[in-house]
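>>> One predicted model, sequence on top.
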Amino acid sequence: MQKRDSSSRLPVPAGPLGRPVRFGTTVRHSIPYKVLCARGWREVDDDSWDFFYADVGWIHENVPYASSRKEQGGPRLGEHQKVNHFPNHVELTRKDLMAKNVKRAMKNEKAKDAKTGAYDFIPVTFILPNEGAMMLRHFRENGGMWIMKPIGRAQGKGIFLASKPAQIESWMKDRGNQRAENVCYENYVAQRYLDDPYLVGGKKFDMRIYCVCLSFNPLTIYLYREGFARFTATRYSTAKSDIDNPYVHLTNHAIQKKDEKYDAEVSDLKWSLGELKRFMTTKHGGDAVNACFHGIQGIIINSLKSVQNVIINDKRCFEMYGYDVMIDADLKPWLIEVNASPSMSSDTQSDHDLKFGLLDDMLTVIDLEGHFSRKKNIPKRVGGFDLICENGCEVSPNCDGYENSDLGSSLPTMLGTHNDRVDSLKKLRKWCREDD
């Protein structure tokens, strides 16, 4: 694991600010706060900030949708200010809206008679209770297991599995009674359960992957090389006796830590993406695994394309998404959900180092200090981030990542490769000093 090296950080340029960046935040006593301070940025308590690292609640209250700006006296953000969420990020990060937008993109692709399968990356999904009748008909005709998830909760809360239509009918009946009694309740998504997941040592896992979207128009995306796989502590089973066992089916770390089998001193139930990729390569060969990881990159690009026309593209906003992806036994990747506020807490030193470097590189990518302002093009590499989409088009990977390099890459994606972020930042520093 490459640790952060402050000597490789880019110096503060004379412009456009000509001073340390001023920041505000709602998340003190956290890794993001440590990173902001470590960069030499100065915290302020008033509205003179240049950058605000906020939770989504603050965004909803302070960054109004375009339709309401005139009523509220115009935009609240100054031209020099930037925040870490788009106003309606929920179009991708709320489970029901993500499913709706991806299914619409899939429908539009079919209407154009395109057969690329670009949007065939989410399990069959219904939104309940509104699509309950359709879901039950599909359930009866096709069988299988279904996973029920509340649309607005995280860390595995409220999730359960259903193996019989009668379970869904009973659930919907209970919901109907609650509605009649004016009890507030959440909508759910019902997804066809991936009952043939790729296993390591008989255990199920999902993957957490990070990307930064600088703009939806034009679509500009950076993908971080590092991430991690989160495992269950219990071996996978579809036996009836294990249907209700969350430690078998749910990979959320907050749940797995409660399992009596969990022992942090033995294992934190995580592998780096690099470890996972090496393991898979020994079993399936480089070509198959590279195709799988390139498929994950494709999911990220196409999921963002699916909301491109509905997201309010404010140049003062960007987003770092946490993608949760699973792989099935055929090495096909599936998108499970997208997080607007991926956890930045850490249980281990390696976890801390990953997230510290990730956030530090994210702040370099958004370029509030104007490092890239003299350049004709944005850099293809920034620390651990690789540019994967520019002007809506996928960018071919480059080993070096800079315009003056003729070093190509035979890999279709750099996801899961060695994160030499310190060396990358040193090269970026040199690149910034060169004249176009």
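Yep, that arrived. Please read all numbers here as calculations on a predicted model, not as lab measurements.

>>> Pull out the buried residues from the one helix or strand residue 426 maps to.
Using DSSP states H and E, the secondary-structure element containing residue 426 is helix 421-433. Residues of helix 421-433 classed as buried: 421-428, 431-432 (neighbour count, 16 or more other C-beta atoms under 10 Å). For the C-beta atoms, the positions are set from N, CA and C on the backbone; glycine is no exception.

>>> and which of the residues you listed is nearest residue 220?
residue 428 (16.9 Å; C-beta to C-beta).

>>> is it true that the closest one touches residue 380?
No. Here residue 428 does not reach residue 380: they are 9.9 Å apart, not a contact under C-beta atoms under 8 Å.

>>> circling back: got the buried residues of helix 421-433 as JSON lines, with pLDDT and distance to residue 316 columns?
Below are the buried residues of helix 421-433 laid out as JSON lines (pLDDT from 0 to 100; distance: C-beta to C-beta, whole Å):
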{"residue": "421", "pLDDT": "95", "distance to residue 316": "27"}
{"residue": "422", "pLDDT": "94", "distance to residue 316": "30"}
{"residue": "423", "pLDDT": "94", "distance to residue 316": "32"}
{"residue": "424", "pLDDT": "94", "distance to residue 316": "27"}
{"residue": "425", "pLDDT": "94", "distance to residue 316": "25"}
{"residue": "426", "pLDDT": "93", "distance to residue 316": "30"}
{"residue": "427", "pLDDT": "93", "distance to residue 316": "29"}
{"residue": "428", "pLDDT": "93", "distance to residue 316": "24"}
{"residue": "431", "pLDDT": "90", "distance to residue 316": "26"}
{"residue": "432", "pLDDT": "88", "distance to residue 316": "23"}
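
>>> Could you single out the nearest of those residues to residue 95?
Within the buried residues of helix 421-433, the smallest distance to residue 95 is 31.9 Å, found for residue 421 (C-beta to C-beta).

>>> ok, and residue 98, which helix or strand is that part of?
Counting by DSSP H and E, residue 98 is part of helix 95-111.

>>> again, but for residue 148
strand 146-150.

>>> in the chain, which helix or strand is least confident?
Sorting the helices and strands of the chain by mean pLDDT, DSSP states H and E puts helix 66-69 at the bottom, at a mean of 46.

>>> So residue 220 lies in a strand, does it not?
Yes. Checked against DSSP: H, G, I helix; E, B strand; the rest coil, residue 220 lies within a strand.

>>> Let me know whether it touches residue 380 as I believe.
No. Assessed by C-beta under 8 Å, residue 220 is found out of contact with residue 380, at 11.7 Å.

>>> which residues are in contact with both of those two?
In the contact map built from C-beta atoms under 8 Å, 6 or more residues apart in numbering, the residues linked to both residue 220 and residue 380 are residue 387.

>>> would residue 347 count as being in a strand?
No. According to three-state DSSP, residue 347 belongs to no strand; its state is coil.

>>> With only the CA atoms kept, save the helix holding residue 426 in CSV.
C-alpha atoms of helix 421-433 as CSV (Å, rounded to 0.1, in the frame of the first residue of the first chain):
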residue,chain,number,x,y,z
ARG,A,421,0.0,7.3,-6.5
VAL,A,422,3.1,9.0,-5.1
ASP,A,423,5.0,8.5,-8.3
SER,A,424,2.0,9.6,-10.3
LEU,A,425,1.7,12.9,-8.3
LYS,A,426,5.4,13.6,-8.9
LYS,A,427,4.9,13.1,-12.6
LEU,A,428,1.8,15.3,-12.5
ARG,A,429,3.8,18.0,-10.7
LYS,A,430,6.3,18.0,-13.5
TRP,A,431,3.6,18.0,-16.2
CYS,A,432,1.9,21.0,-14.6
ARG,A,433,5.2,23.0,-15.0
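
>>> Against which helices or strands is that helix packed?
Applying 3 or more C-beta pairs under 8 Å, 6 or more residues apart in numbering; DSSP states H and E, one finds that helix 421-433 makes contact with helix 349-365, strand 381-382.

>>> now the angle from that helix to helix 349-365?
Angle, helix 421-433 to helix 349-365, by axes from the mean of the first three to the mean of the last three C-alpha atoms, to 10 degrees: 10 degrees.

>>> can you give me the offset of helix 421-433 from its chain's centre?
Centroid separation for helix 421-433 versus its chain: 26 Å, with C-alpha atoms, centre = their mean, to the nearest Å.

>>> begin at 83 from here
Right, with 83 as the first residue, what we last looked at is helix 503-515.

>>> hey, where'd the strands end up in the stretch 83-232 of the chain?
104-107, 124-125, 133-135, 164-165, 207-210, 228-232 (DSSP state E, counting those that start in this stretch).

>>> I should have written the stretch 333-482 of the chain there, sorry.
With DSSP E, counting those that start in this stretch as the criterion, the stretch 333-482 of the chain has strands at 352-354, 401-409, 415-421, 463-464, 467-472, 475-476.

>>> what about residue 430, neighbour count?
11 (other C-beta atoms under 10 Å).

>>> err, residue 320, not the other one
Other residues close to residue 320 by other C-beta under 10 Å number 14.

>>> and what of residue 468?
Other residues close to residue 468 by other C-beta under 10 Å number 26.

>>> For it, give me its contacts.
304-305, 307, 462, 479, 483, 496.

>>> Using pLDDT, spot the least trustworthy of those residues.
Lowest in pLDDT among the contacts of residue 468 is residue 483, which has 54.

>>> where does the stretch 333-482 of the chain have low pLDDT?
Along the stretch 333-482 of the chain, the model assigns pLDDT under 70 to residues 480-482.

>>> so which of the contacts of residue 468 is the most crowded?
Most surrounded of the contacts of residue 468: other C-beta under 10 Å gives residue 304, at 29 neighbours.

>>> The residue nearest the centre of the chain: what's its closest spatial neighbour, skipping adjacent residues?
Closest to where the C-alpha atoms of the chain average out (C-alpha atoms, centre = their mean) is residue 404, at 2.1 Å. The shortest distance from residue 404 to any non-neighbouring residue, by C-beta to C-beta, 6 or more residues apart in numbering, is to residue 424 (2.6 Å).

>>> need the contact list for that neighbour.
Counting by C-beta under 8 Å, 6+ apart, residue 424 touches 290, 292, 402-404.

>>> can you do 7 Å?
For residue 424, the contacting residues are 290, 292, 404, by C-beta atoms under 7 Å, 6 or more residues apart in numbering.

>>> mind checking how far the first one is from residue 310?
If I follow you right, that is residue 290. In this view, residue 290 and residue 310 are 6 Å apart by C-beta to C-beta, to the nearest Å.
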